[in-house]
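In: Here is a sequence with its predicted model. Questions after.
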Amino acid sequence: MRLLIIGGSDAGIEAGLGARAVDDAIEVSLLVADHYPNYSICGIPYHVSGEVPQARNLAHRDADELKAAGLQLRLGERAVAIDPAAHNVTTASGQRLSYDRLVVATGARPQRPPIAGLEALGPDDGVHELHTMDDTARLIASLEQPGMRSAIVIGAGYIGLEMAEALTARGLLVTVLERFDQVMARSLDAEQAAHLAAELDRNGVAVHCGVTVASITRHDGGGLVVTGKDGKQHSGDLVLVVTGVQPDTELAISAGAHTGAGGALAVDRRMRTNLPDVYAAGDCVHTHHRLLDQPTYIPLGTTAHKQGRVAGENAAGRHRTFAGVLGTQVVKVFDVVAAATGLRDAEAAQAGLSTLTVQATADDHKAYYPGATPIHVRLTGDRRTGRLLGGQLIGRRGAEIAKRVDILATGIHHGITVSEILDLDLAYTPPLGSPWDALQQTARHWLARA
């Protein structure tokens, strides 16, 4: 059986490995548009900062390991057409490759906001996007130019904030411009986001929210000017535009594939498209939300890995179902960590749920042991059923924020109630926790108000 995969990032590689795990006689070929198969795009900010000095260290597996696993890599080959009736794919070089099963894992591409001057300016002018390893190389080349002292980051999602930290670590003065009224607007409530904004300010990053960028222009002297619709101007030597992504779907749509939530490719829980013998996975497809029980578009690396594995195993003859997501995320910004999972109050209310959200602050471990720091916790639950719907946490690095959000994500996955958080047998020792964890203390507040 011949399995052809378009895309060599998280979903594509996992699909190939999953298929080979089911049947090592399957011929698996991957069309990889660039020369960086299985690289961690999530790790780019830490390469830019210098914390991961070598770009090759971002590879989950190198090409030799992938080949040893039975994957045939066709690097630098871009698919330009899919013929589902003939079961073949045409590449940019004119080759026609036949398949028995196909997995589309074309990922996402950066959103380009309607900013005057953005189309005319590029990396040679100091204006960058950041989505691929080639983008990263161009950005670092700019940063290494003499006289690079300041940067403007357009977008305050998790990539924008991680890059603000990375550029600050390189010694640049950084300004962040965000069109929403807070940072991390799609992931955190305003109360939690304020703590992130304060941490950015403590580290010298100027954050301006409620700014819609109208134009980017160059000074005659070489600097860049970013002008908001309010007329205010911000100057810098470099501009980084990271305003989100959109699914890369044109190839599959031109072959007749249907789209769903967020304009992404529509797939069922087995990752099948409407095209015969064609699966799809990763940032190019919509995904099943466990709480909403409907498709949504949440492009995340962890989701791409899981979807790719399901697509590959099913293409090889297995009958796996993708379990769905809760949108669990975590971000580190300097010495603060923020995390969220499930639904926020407004999202839950929009879904017709009767919600209650409470916030509480508790120490990460017993206060009498040195070094205790506060964790700010928000829990959202259903007033009628008591079911846990979501949670947000923010605290200092080292306060086990990621561990605690994973506890909530696990609970939501299995449908627990807020009151059942109190029953969880969580680990405790004074240097690391409390007899009643911060999550449990917040659950008590919720129950007192429900």
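Out: Right, received. Where do you want to start?
In: surely residue 275 meets residue 251?
Out: No - between residue 275 and residue 251 there is no contact under C-beta atoms under 8 Å: 11.7 Å. To be clear about C-beta, it is placed using only N, CA and C from the backbone, and glycine gets the same treatment.
In: Please enumerate the shared neighbours of these two.
Out: Residues touching both residue 275 and residue 251 (C-beta atoms under 8 Å, 6 or more residues apart in numbering): residue 82.
In: what bridges to residue 28?
Out: Listed beta-bridge partners, residue 28: residue 3, residue 71 (assigned using DSSP bridges).
In: can you tell me how far it sits from residue 384?
Out: Using C-beta to C-beta, to the nearest Å, residue 28 is found at 48 Å from residue 384.
In: Which of these two has more residues huddled nearby?
Out: residue 28 (28 against 10; other C-beta atoms under 10 Å).
In: Please tell me how far that one sits from residue 365.
Out: For residue 28 relative to residue 365 (C-beta to C-beta), the value is 48 Å.
In: How about residue 2?
Out: 55 Å.
In: Give me the contacts around the host helix or strand of residue 340.
Out: Residue 340 belongs to strand 336-342 when assigned by DSSP states H and E. Applying C-beta under 8 Å, 6+ apart, the external contacts of strand 336-342 come out as 184, 187-188, 192-193, 195-196, 199, 291, 326-331, 380, 388-397, 399, 401-402, 404-405, 408-409, 412.
In: nearest residue to the residue nearest the centre of the chain other than its sequence neighbours?
Out: Centroid-nearest residue in the chain, with C-alpha atoms, centre = their mean: residue 300, separated by 3.7 Å. Nearest residue to residue 300 in three dimensions, chain neighbours excluded: residue 329, at 6.9 Å (C-beta to C-beta, 6 or more residues apart in numbering).
In: Surely that neighbour and residue 162 touch.
Out: No - in this structure residue 329 lies outside contact range of residue 162 using C-beta under 8 Å: 11.9 Å.
In: Endpoints of stretch 385-399, how far apart?
Out: By C-alpha to C-alpha, to the nearest Å, the extent of stretch 385-399 from end to end equals 31 Å.
In: Also stretch 109-119?
Out: End to end - C-alpha to C-alpha - stretch 109-119 spans 15 Å.
In: Just the buried positions in it, please.
Out: 109, 110, 115, 117, 118 (16 or more other C-beta atoms under 10 Å).
In: ok, now stretch 229-239?
Out: 234, 236, 237, 238, 239.
In: what do you get for stretch 125-137?
Out: 125, 126, 127, 128, 129, 130, 131, 132, 133, 135, 136.
In: Look at the last one and tell me its secondary structure.
Out: Of the three states, residue 136 takes helix under DSSP: H, G, I helix; E, B strand; the rest coil.
In: Next up, identify which helix or strand the closest residue to it other than its chain neighbours is on.
Out: Leaving out its chain neighbours, the residue that sits closest to residue 136 by C-beta to C-beta, 6+ apart is residue 44, at 5.2 Å. Taking DSSP H and E as the definition, one finds residue 44 inside helix 44-48.
In: helices or strands up against the host helix or strand of residue 199?
Out: Following DSSP H and E, one finds residue 199 within helix 190-202. Where contact means 3 or more C-beta pairs under 8 Å, 6 or more residues apart in numbering; DSSP states H and E, helix 190-202 is packed against helix 158-169, strand 206-209, strand 329-333, strand 336-342, strand 374-382, strand 388-396.
In: could those go into TSV alongside distance to residue 447?
Out: Below are these laid out as TSV (distance: least, C-beta to C-beta, whole Å):
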stretch	distance to residue 447
helix 158-169	31
strand 206-209	34
strand 329-333	26
strand 336-342	18
strand 374-382	9
strand 388-396	11
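In: Which SSE is immediately downstream of the helix or strand of the chain with the lowest mean pLDDT?
Out: Least confident helix or strand of the chain, by mean pLDDT, DSSP states H and E, is helix 345-350 with a mean of 92. Sequence-wise, the next helix or strand downstream of helix 345-350 (DSSP H and E) is strand 355-363.
In: List the strands paired with that following strand, with their directions.
Out: strand 374-382 (antiparallel).
In: pLDDT (mean, whole number) over the partner strand?
Out: For strand 374-382, mean pLDDT is 98.
In: Span of stretch 199-207 from start to end?
Out: Start-to-end, stretch 199-207 (C-alpha to C-alpha) is 10 Å.
In: distance between that stretch and the chain's centre?
Out: Chain-centre distance of stretch 199-207: 23 Å, with C-alpha atoms, centre = their mean, to the nearest Å.
In: any idea of the mean pLDDT for it?
Out: 98.
In: Mind listing what's buried along that stretch?
Out: So for stretch 199-207, counting by 16+ other C-beta under 10 Å, buried means 199, 200, 203, 205, 207.
In: Can I get those residues in CSV including distance to residue 8?
Out: Below are these laid out as CSV (distance: C-beta to C-beta, whole Å):
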residue, distance to residue 8
199, 36
200, 34
203, 36
205, 34
207, 36
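In: Where do the strands of the stretch 1-150 of the chain begin and end?
Out: Taking DSSP state E, counting those that start in this stretch, the strands of the stretch 1-150 of the chain run over residues 2-6, 27-32, 71-75, 79-83, 88-91, 96-98, 101-104, 108-110, 127-128, 150-154.
In: can you list the weak-confidence ranges in the stretch 201-350 of the chain?
Out: By pLDDT under 70, the stretch 201-350 of the chain has no low-scoring segment.
In: At which residues are the strands of it located?
Out: Applying DSSP E, counting those that start in this stretch to the stretch 201-350 of the chain gives strands spanning 206-209, 213-218, 224-228, 233-236, 238-241, 245-247, 278-280, 287-289, 294-296, 329-333, 336-342.
In: nearest to residue 369, of those strands?
Out: strand 336-342 (19.9 Å; C-beta to C-beta).
In: give me phi/psi at the residue nearest to the centre of the chain?
Out: phi -140, psi 150 (degrees, to the nearest 10).
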